Each structure stands twice: as C-alpha cells, then as structure tokens.
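K.L.:
The sequence and its predicted three-dimensional model are supplied below.
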Amino acid sequence: MTPSIGIIGHGITSQRAASALHTAGITPRIAHVRNATELFDCQAVIVASGAPHALLVSSFIAQGVHVVSTSDNLADVLALTDFDDTAKKHNSVVVAGAACSPGMSGLLVSHMSRAFQSIDEVHTAVHGTGGPMCARQHHGSLAGVSVGWHDGEWLQRPAGSGRELCWFPDPVGARDCYRFASPEPVLMQRMAPELQRITARVSATRRDRLTARLPMLRKPHAEGLDGALRVEVRGLRNGKRHVEIVGIVDRLATIAGAVAAHTAIALATGTTTSGVHTLGQAALPNADILDGVISSGIELHQFVGN
C-alpha cells in the first residue's frame, strides 16, 4: 500500500520534498499552515513551513501522526526535543532537524562512522541558502549566540566569530566560515553522546556579519544558487588517529527536500520507536534514508589527501 504523506508549506523546500516523493512513486497531500488539520489522517507529515514548528508539531503528535520537521532554528528545535515523552504517549515519531544541516549531516556521520573504531569529533560547515525563509534564517543566525560541545561541556560563543577557512567540493571551493546559531551541535550530541567536540559553521561575507542584527538589505533570492555541506569526522581507526571528510554540492533546498521526503517514507513504512529523534540516531533506518537521498540525485564527494 502506498503510504499517505502530507506536506505543510508552499516554499522551495516543500516543493523539493514533493518532487522527491513523486520520484519515489508517492503523491503527497500539500496544505498551507492554516489548513494543516486537513492532514491529521496522514501516516506522516513533513513540516516545511517557516519556523517556529513546535506548536504545529504538537498538534500532530496529539493525533498520533509521525512528523518530520525541517526547522533549523535553534530555539525551535530545542522546543521540539522537549516533546519526547508526549510523542511516546501518543505513539508518534518526531524527527527534528531533518534538512541539510542539521539533517543530511547526521546521516553522513552515521555513514562515515563505520570507517572508525570510535569517533570523538564532528565538525560541520554549510554554504548557501534555500528559499527566502532559509535566507532570512541564515541572516539572523549570524547574530546572537552560537553553541558548541567541547570536552563534555557546552560552550557559548558570539555568532559570527571564530573564522575558519573551509574547503567545499568544486565549484564552491574555499570559503570563510563562522560560528552561527545552529541546532546542529545539540542534535549531533544527542545522536552520538560519545563525541567530545562538535562545531558547526556557516560561510559568510564581511557584509553578512556586519548586517546580521539589521533587517536584510535586499530581498532574498527565490532559491539560492549552489550550496554545499562539509562534514568532518575524527576518531580512531586501527588504533591510530583518523580523519574522514565528505562533502556535497547542490542547492540546499534540494538536499533538505530529499532528506525530509525519504525520512517521511521511512516513518510511514517502518516501525521506528516512538519519541523525538534526530537523523543519525540508531533508532532510525539511517542507511535506508541515505540510500533514498542518494537515489534522488544527491552526490557525495570524499576529500582525499595525505
């Protein structure tokens, strides 16, 4: 039987998620936020509207519907993680941060960790934006506070600080990247509590950093140009220190849409334990989801060097 999957939102990410579902042979039902209750009878719902998602997600949990949230807003994702007990009570599965970063990053860490005896560091960097809502989120994320995990403690640093030159696959290449207000470290630490250091950075220009606390100076693009994701994992392999780096170049909305779509398929057709999860956690069929994302046309690039 074809699973019943709904999508809330009419932006670029929701369009890309719908396209990925169509490619997988599933015709999703699409609703605006104000008509979201029309999807209460779906097996799984992708919330791809602008943040915050928490209130909307709670209404679907109460109906026992599985939910995939694409929100990458730090406060919003933290609110979603508080729904674990409620989701278990209603036999609902919620996947928080199922986009590019977080989201695809967690799938890659789960995949890459198989090359290690143990892992203790994860460092991610992302370049570009999806649609207008993503661009506004990116703009604001360079203001405020960034969180990171360092030797078993949470550190707070000013967003927009900590410049680091990160290399992405061509044609994006090298970009200056900075700390930003991302839920990535929080979800990554939930996924792999054994990690000792977790950082997340985003590419930014001088103007991006200087204007982060002001309204956007120009209207964002309908859809960003080429985006990129870089995931670096460190740990032990054959008793020695080892590093693996994997990257992706594609439009971020395309990556996020594919991740959300194949996560929703996994929830609607599988038997995942109820509660709030993040991609990469052992409770989810991460390999199957990653295979689905790759089958939709997303290519992985491995960095090779001495």
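P.N.:
The structure has been received and is ready for your questions. This one's a predicted model, so the numbers in the text were calculated from it and none came from an experiment.

K.L.:
tell me which residues in stretch 114-123 are buried?
P.N.:
By neighbour count on 16 or more other Cβ atoms under 10 Å, the buried set for stretch 114-123 is F116, I119, D120, E121, V122, H123. Backbone N, C-alpha and C define where each C-beta goes, glycine included.

K.L.:
For P193, see how far away the most far-flung residue of the chain relative to its centre is.
P.N.:
In the chain, the residue that sits farthest from the middle, by Cα atoms, centre = their mean, is G239; the gap is 31.4 Å. As judged by Cβ to Cβ, to the nearest Å, G239 and P193 stand 23 Å apart.

K.L.:
what number of residues lie near R251?
P.N.:
R251: 21 surrounding residues under other Cβ atoms under 10 Å.

K.L.:
Also the one 4 residues further on?
P.N.:
As a burial measure, the neighbour count of I255 was computed by other Cβ under 10 Å and equals 28.

K.L.:
low-scoring stretches of this protein, by residue?
P.N.:
Along the chain, the parts satisfying pLDDT under 70 run over 130-140, 209-224, 305-306.

K.L.:
quick one, helices of it?
P.N.:
In the chain, the helices defined using DSSP state H lie at 12-23, 54-62, 74-81, 84-89, 104-112, 132-141, 184-191, 206-210, 252-269, 286-295.

K.L.:
okay, these in JSON lines with distance to R34 next?
P.N.:
JSON lines is the format used below for those (distance: least, Cβ to Cβ, whole Å):
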{"stretch": "helix 12-23", "distance to R34": "15"}
{"stretch": "helix 54-62", "distance to R34": "11"}
{"stretch": "helix 74-81", "distance to R34": "19"}
{"stretch": "helix 84-89", "distance to R34": "23"}
{"stretch": "helix 104-112", "distance to R34": "30"}
{"stretch": "helix 132-141", "distance to R34": "16"}
{"stretch": "helix 184-191", "distance to R34": "29"}
{"stretch": "helix 206-210", "distance to R34": "33"}
{"stretch": "helix 252-269", "distance to R34": "21"}
{"stretch": "helix 286-295", "distance to R34": "30"}
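
K.L.:
H150 is nearest to which of those helices?
P.N.:
H150 sits nearest to helix 184-191 of all the helices of the chain, at 9.6 Å, using Cβ to Cβ.

K.L.:
Residues in contact with that closest one: which ones?
P.N.:
74, 77-78, 81, 96-97, 101-102, 105-106, 109-110, 122, 124, 147-149, 195, 198-200, 278-281 (Cβ atoms under 8 Å, 6 or more residues apart in numbering).

K.L.:
Save the buried residues of stretch 114-123 as TSV, and put in distance to R234 too.
P.N.:
Formatted as TSV, these follow (distance: Cβ to Cβ, whole Å):
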residue	distance to R234
F116	9
I119	7
D120	6
E121	4
V122	8
H123	8
